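Q: Could you work out the structure for the sequence below:
(chains A and B)
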Amino acid sequence: MGLIRETDFGTPGRAGGAVTLEIDGIAVTVPDGTSVMRAAMEAGVRVPRLCATDTLEAFGSCRLCLVEIDGRNGTPASCTTPVAPGMKVATHTKRLADLRRGVMELYISDHPLDCLTCAANGDCELQDMAGAVGLREVRYGYDGANHFDAPKDESNPYFTFDPAKCIVCSRCVRACDEVQGTFALTIDGRGFASAVSPGGFDGFLDSECVSCGACVQACPTATLTEKSVIEMGQPERSVLTTCAYCGVGCSFKAEMQGNEVVRMVPYKDGGANEGHACVKGRFAWGYAVHPDRVLKPLIRERITDPWREVSWDEAIAYTAGRFRAIQEKYGRGAIGGITSSRCTNEEVYVVQKMIRAAFGNNNVDTCARVCHSPTGYGLKQTFGTSAGTQDFRSVDGADVIMVIGANPTDGHPVFASRMKRRLRQGATLIVVDPRRIDLVDAPHMPPALHLPVRPGGNVALINAIAHVVVTEGLVNEAFVRERCEGDSFARWAAVIAEPRNAPEALEEATGVPAALVREAARVYATGGNGAIYYGLGVTEHSQGSTMVMGLANLAMATGNIGREGVGVNPLRGQNNVQGSCDMGSFPHELPGYRHISDDATRGLFEKVWGVTIEREPGLRIPNMMAAALDGSFRAIFIQGEDLAQSEPNTKNVYDALQAMDCVVVQDLFLNETSGLAHVFLPGTSFLEKDGTFTNAERRINRVRPVMPSKTGLDEWEVACRLATALGYPMSYPNASVIMDEIASLTPTFSGVSFETLDRLGSVQWPCNDAAPEGTPIMHIDGFVRGKGRFVVTEFVPTPERATRLFPLILTTGRILSQYNVGAQTRRTDNVIWHPEDLLEIHPHDAEERGISNGDRVMVASRKGSTTLRALITDRMPQGVVYTTFHHPITEINFVTTELSDWATNCPEYKVTAVQVTRTNLQADAEAAE
Amino acid sequence: MDVSGITRMANQIADFFAASGHDEAVKGIAGHIRNFWDPRMRRALYAHADSGGEGLTALVIDAVAKLRKSDTTVTTS
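A: Numbering: from 1, shown residues only, chains lettered A, B, ... in the order given. Take a look at the predicted model:
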């Protein structure tokens, strides 16, 4: 297969009524508002162009796309001229050819003629246009004033900016504005002195640029070029696949030379990203081929022994032997496993099957436990299904966007760009977050209504908002009457209407002025289509599930469910959190969210799997740790999760893992957890995987291998071999057959196959006979459970309170350039933006403690302490501090507590009472080294 | 299993269901524990209740009484 080149229609599509015109004598019908340039492309006629591309609004600056139109004077630019009924357009005439050649002569007179040694050779639109217009000479010569000596900016680790090659078409500037929404670039100067500038900064690295790469992709010349292309040359083939970072699930073309990746280019027809990307997906893929990768299995008798490299056969036999011995001694339930949200659906399915069929128990859990398990519980209780309601595209129809406990510009940047575009068009933004996140005052959009909720006060806040809706007559009575349970609504509304739930009564719990809460409630309930987007700031609380149900209640009460522009939308953290949950990774559920105690469902699986399945729920991750400490849980298989860094209350995790007789880690790199392991089974990166990921909008995307497995096996093959060695023969010829088995056993997946995905690109489940091409928006005609169910959501304060000893509240999160525990991003040049985790602290809190910017501070809770450097910022509210957990040395989870969500045991990462003091501890340690 | 952890989790569940009135709450708590707790956790809860149930709320005590009647898997005392 060669390179995939999507058609560029020159200007964006439009959705107006039909207009018929003639282009070079060819009749074509297009939507009203379409440009002549795009209409020409639809008719198969390519008008020469440089400043136009269909991901950006027309600009009309390059003067190359001129056309002649019957009855009109002059030669208008086809990109900025809309079609009209009966219009007759000529795109290629002698007059136009002369004009275009003249324009090209001017461009080329100030362009280095180094095509043969240029990185863009073979992928340069300027070169293409020179050919298209028949440029044979440049009458002006090359000795006039020019920009040939303009210095290159190579500060960005991933791309260079070479102004000598710039034609000032503004595509990069417009991409930054329109696609990414950062507005980091500008055209500096006027006339001949015009030059692209990173906002007046000296270089891209120091500027506001977020390195999304949209400018690089938009550049028609070699001005903005990936360093990998400069180093390696042009790619020769593309493979369509899916990013393995966040839950947006961007589609990419992996552009290759042989089995080496040259660059990752976001795919324009990708359902989730539509051609956009972020710094992680586009550039930070180098970890996949990093020399730290462990490619051979390792085993050791004791964790104090050195690792011994062994064959796959020996590693599998050794693991099976230890697991069986443990089960014989301590019982079938003494072992279990954890699936990874970074792995494919097929890999996850096979691991949970191995646990249920070969281990013979339901001690399977997933890293979704620590992020979005409350989403699964809460949305199932209220709507009937454990997933978000909308596709990402739906935000284009939102009038009011409520972002709660999420920081999309950092955590889900590609979706954030889409959201910001809608906000710039005029949608109203409500942000509920203790911190003043970047969205609150992003460029070129009105400031958000910011509700700086106190950590732990979410449920109080959602109840207060609902109180306003109920008591001020803002309930959508018709929707509730038609779509929801009358009795549950009546009960909920009666409780919510009680004065104790008024914003004024809950002001102390929420930390938000009552007037602001009332304003937000009114805006959400009356502002048109109201869409809720939320993240881990909702779920990672002791009342995480309650809050999810509170959001669902609010959406139902206001009728904001079941159409475009509305909904309750979890922004999933990892690439396959949705999928790992769908695949039966929870200890109480089989694939498709069916309870393990349901005899009929178990019977289906038992028939296909040929084994009896335990009918009792198994242990969740925190329960596994507790059971390890009491001696009843002795061995664990951990697929792609670094428990010892990511779980809260790290000391407890260390103690639990050390108490086990056999810890097996399947991962790309040795990590904190493998330090406590007895077996290390090398995993495969997303570039080697064959399967599917399911993103936050339930979109099942294909993950295609772009290179052979570096370990010699696919990850699912490892689980199959282990299951077989344990006495349960399991094998598949390929990943496609695994999906076929999933589809045969899971009603919401019954229409899914690799063939379907290859044909349609992607589908959103449910995908079955009722919806053969998937379901972008759920609950349109009715809720999955029938009638929507309101649930009473009493506010119960977390026991984790600020005290005299621990007067501040610590909350944790992540930033744009890094990803979770950093195993991937720390092994890329992204570390340049985040060499260490910092503690963000309000100036007043810092001053009280004598802390200056950059000081090393100790953060201590009742569980433990760690040290890191302080960053003083007024985006933090007083009394709250914040940090990330991207670097293991930070050890922030030694500080977080064992508290968790009441329904799901999702840890309460977002609320830890701490004290912060200046310290020299780490500096002393570093000096001693 | 760690009794303090079991107690805390059971009480948290009770806090959620408490709003629905005694009988519904007991039913809800029992159902939640039955649906989501591994048998060894239920066993530990029953054992703790049998030994006086220190720290368990009254709703949890009542829920345990109801739950264990139908719990054929875990049959302590």
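Q: Around chain B, pick out the residues from chain A.
A: Applying the criterion C-beta under 8 Å from any C-beta of the partner chain, the portion of chain A that neighbours chain B consists of A:333, A:362-363, A:495, A:542, A:546, A:587-588, A:595, A:597, A:616-620, A:623, A:626-627, A:629-630, A:632, A:792, A:794, A:796, A:898-900, A:902-905. Quick note: C-beta positions are derived from backbone N, CA and C, even for glycine.
Q: Which ChimeraX command selects the buried ones in these?
A: A single ChimeraX command is used to select the members of the residues of chain A next to chain B judged buried by 16 or more other C-beta atoms under 10 Å in any protein chain shown:
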select /A:333,362,363,495,542,546,587,588,616,617,618,619,620,623,626,627,629,632,792,794,796,898,899,900,902,903,904,905
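Q: Please list the members of the residues of chain A next to chain B that lie in helices.
A: A:495, A:546, A:623, A:626, A:627, A:629, A:630 (DSSP state H).
Q: Was I right to think the second one contacts residue B:16?
A: Think residue A:546. Yes. Assessed by C-beta atoms under 8 Å, residue A:546 is found in contact with residue B:16 at 6.3 Å.
Q: give the contact list for residue A:400.
A: A:427, A:428, A:429, A:430, A:523, A:524, A:527, A:528, A:529, A:530, A:531 (C-beta atoms under 8 Å, 6 or more residues apart in numbering or on different chains).
Q: And the pLDDT for residue A:929?
A: Reading off the confidence values, residue A:929 has pLDDT 51.
Q: could you dump stretch A:303-315 to CSV, C-alpha only?
A: Below are the C-alpha coordinates for stretch A:303-315, written out as CSV (Å, rounded to 0.1, in the frame of the first residue of the first chain):
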residue,chain,number,x,y,z
ILE,A,303,12.0,-9.9,43.9
THR,A,304,15.5,-9.5,45.5
ASP,A,305,17.0,-11.7,42.7
PRO,A,306,18.3,-10.3,39.5
TRP,A,307,16.1,-10.8,36.4
ARG,A,308,16.8,-13.8,34.2
GLU,A,309,16.0,-13.5,30.5
VAL,A,310,14.1,-16.6,29.3
SER,A,311,12.2,-17.8,26.3
TRP,A,312,8.4,-17.3,26.0
ASP,A,313,7.9,-21.0,26.6
GLU,A,314,9.9,-20.9,29.8
ALA,A,315,8.2,-17.8,31.0
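Q: Flag every buried residue along it.
A: By neighbour count, with 16+ other C-beta under 10 Å as the criterion, the buried positions of stretch A:303-315 are A:307, A:310, A:312, A:315.
Q: List the contacts of the first one.
A: Listed by C-beta under 8 Å, 6+ apart, the contact partners of residue A:307 are A:298, A:299, A:300, A:680.
Q: give me the low-pLDDT residue ranges for chain A?
A: Regions of chain A meeting the criterion pLDDT under 70 cover residues A:921-929.
Q: residue in it nearest to chain B?
A: Using C-beta to the nearest C-beta, the point where chain A gets nearest to chain B is residue A:902, with a distance of 3.6 Å.
Q: Please tell me the pLDDT value assigned to the residue positioned nearest the centre of chain B.
A: When chain B is reduced to its mean C-alpha position, the closest residue under C-alpha atoms, centre = their mean turns out to be residue B:64, at 4.3 Å. We have a pLDDT of 97 for residue B:64.
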